[in-house]
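**Student:** Need the 3D shape of this:
(one chain, ligands or ions: 1)
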Amino acid sequence: MIRVWILAEQFDGRVADISFELLARALKLNHGEVGVLLIGPPLAESELRRLNNAGATLTAAYESVTLTHFRIEPHMHCFVEFVGEYQPEIILAGATPYGRTLMPYAAMRLHTGLTADCTELAIEPDTGLLLQTRPAIGGNIMATIKCPVHRPQMATVRPHSTVPARPGEGVVDGGRIVRIAADRLPESGMKIAGFEPFAGQLNLSDAKRVVVVGRGIKKAENLPMIFELAEALGAAVGASREVVDRGWLGYQHQIGLSGKTVSPEFYLGIGVSGAIQHLAGMQNAGRIMAVNKDPEAGIFKVADFGLVGDLFEIVPELTRQLRQGGASWLNTAK
Ligand SMILES: Cc1cc2nc3c(=O)[nH]c(=O)nc-3n(C[C@H](O)[C@H](O)[C@H](O)COP(=O)(O)OP(=O)(O)OC[C@H]3O[C@@H](n4cnc5c(N)ncnc54)[C@H](O)[C@@H]3O)c2cc1C
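**Tutor:** Residues are numbered from 1 along each chain as shown. Purely as a prediction, here's the structure:
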């Protein structure tokens, strides 16, 4: 019996990235023995094999074209059937729209607990229980929650809070794939009218580059220079809580403990001090660069490259260099 399982996700014929982040978390918990539950339309063997190559011992794929777009009733049906069949001790899911919707329903249906939005997971040595840690009381304390009686123990984990498991990591004899034809699915009360990909601003969570603005920008009227820099860099715009609390940018831009967690290849912080609650949302970034007039600013402790000076002089200059294609600093910041 495999004790630790993850709920993987798929989209458009591909296993979604969050699945590999969950796999990395689970492999740490169970030293190599991890099962993957995937509910959706049939995927190519090579696609499922990616999960096994990244360390899954067994991939159980509940398949039907009816499961292509997420609707709670048929997905829940497969989830409950899976729990009955495989008796998992622990199930980890992403704190994504999918995991955040399916897992609370599952907890109710299975009469078990769920800890949402965990930042840390561990196994208690004496009891083998899952220690589920997450910010509580507005982020002022870190609470560790256990589920000693009911099973499975279930938690969701923030996307981008873990380095994903890569092919060749923790491979267990290649792993097995079991395809289960999901038939007799219940009707859903929800009908899909159509599907349109979101074509708005760059998605902050998935952006490879982010420019993050802090209170150093002084007022909302100064923000256009940040958007110009972001555009020249091909980056999404994030913000510290100070900027969001003042109403200069919307909450969807906030990065940190009480905002989004991001792991871009390149993070550029402008007038951000680097408070611990902010670092909690960006410290997995690949390369970190900061602009701040205070050489003692905390952000410089995590930065690979920093510019000490006035952002009102530095930002227009960086934008100018980028537009002229001469931004050697972008490569220097390794
Ligand atoms: C429970 C809780 C949850 C929180 N969650 C979050 C969260 O999710 N995200 C978050 O960001 N914060 C969060 N915070 C707030 C956090 O503690 C900090 O207050 C916040 O991150 C600071 O934002 P800041 O860096 O923009 O502002 P400040 O700390 O005020 O820093 C502004 C920086 O700008 C620099 N500066 C000023 N003028 C210039 C200039 N002309 N040129 C260059 N640099 C300049 C200054 O030197 C300073 O370092 C949380 C706090 C709590 C208690």
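
**Student:** and residue 12, how many neighbours does it have?
**Tutor:** Neighbours of residue 12 under the rule other C-beta atoms under 10 Å: 9. Yep, even glycine has a C-beta here, placed from its N, CA and C like the rest.

**Student:** can you list the residues of the stretch 101-250 of the chain near the ligand?
**Tutor:** By the criterion of C-beta under 6 Å from any ligand atom, the positions of the stretch 101-250 of the chain lying close to the ligand are 138, 139, 140, 214, 215, 216, 240, 241, 242, 243.

**Student:** how about the residues you listed in CSV, adding pLDDT, neighbour count and distance to residue 146?
**Tutor:** Shown next, in CSV, are these (pLDDT from 0 to 100; neighbours: other C-beta atoms under 10 Å; distance: C-beta to C-beta, whole Å):
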residue, pLDDT, neighbour count, distance to residue 146
138, 64, 8, 22
139, 67, 14, 21
140, 73, 9, 21
214, 98, 25, 37
215, 98, 17, 39
216, 98, 22, 42
240, 97, 30, 33
241, 96, 21, 30
242, 97, 19, 35
243, 97, 24, 37
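
**Student:** Out of the residues you listed, name the ones that lie in helices.
**Tutor:** 241, 242, 243 (DSSP state H).

**Student:** how close does residue 33 sit to the ligand?
**Tutor:** For residue 33, the distance to the ligand (C-beta to the nearest ligand atom, to the nearest Å) stands at 35 Å.

**Student:** From here on, call the first residue 38.
**Tutor:** Okay, residue one is now 38; in that scheme the one you just asked about reads as residue 70.

**Student:** how close does that residue get to residue 358?
**Tutor:** Distance, residue 70 to residue 358, by C-beta to C-beta, to the nearest Å: 51 Å.

**Student:** which one of the two has more residues nearby?
**Tutor:** Taking neighbours as other C-beta under 10 Å, residue 70 and residue 358 compare with residue 70 leading, 18 against 15.

**Student:** residues contacting that one?
**Tutor:** With contacts defined as C-beta atoms under 8 Å, 6 or more residues apart in numbering, the neighbours of residue 70 are 39, 40, 41, 94, 209.

**Student:** Out of those, which is nearest to the ligand?
**Tutor:** Within the contacts of residue 70, distances to the ligand taken as C-beta to the nearest ligand atom reach their minimum at residue 41, with 29.4 Å.

**Student:** what pLDDT does the residue of the stretch 238-371 of the chain with the smallest separation from the ligand get?
**Tutor:** Scanning the stretch 238-371 of the chain for the residue nearest the ligand gives residue 293, at 2.2 Å (criterion: C-beta to the nearest ligand atom). Note for residue 293: predicted pLDDT of 91.

**Student:** List the contacts of it.
**Tutor:** 277, 278, 312, 314, 315, 316, 317, 318, 319.

**Student:** hmm, try it at 7 Å
**Tutor:** With contacts defined as C-beta atoms under 7 Å, 6 or more residues apart in numbering, residue 293 is in contact with 277, 278, 314, 315, 317, 318.

**Student:** Would you format the residues you listed as a markdown table with distance to residue 110 included?
**Tutor:** As requested, the contacts of residue 293 are arranged in a markdown table below (distance: C-beta to C-beta, whole Å):
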| residue | distance to residue 110 |
| --- | --- |
| 277 | 41 |
| 278 | 38 |
| 314 | 39 |
| 315 | 40 |
| 317 | 36 |
| 318 | 34 |
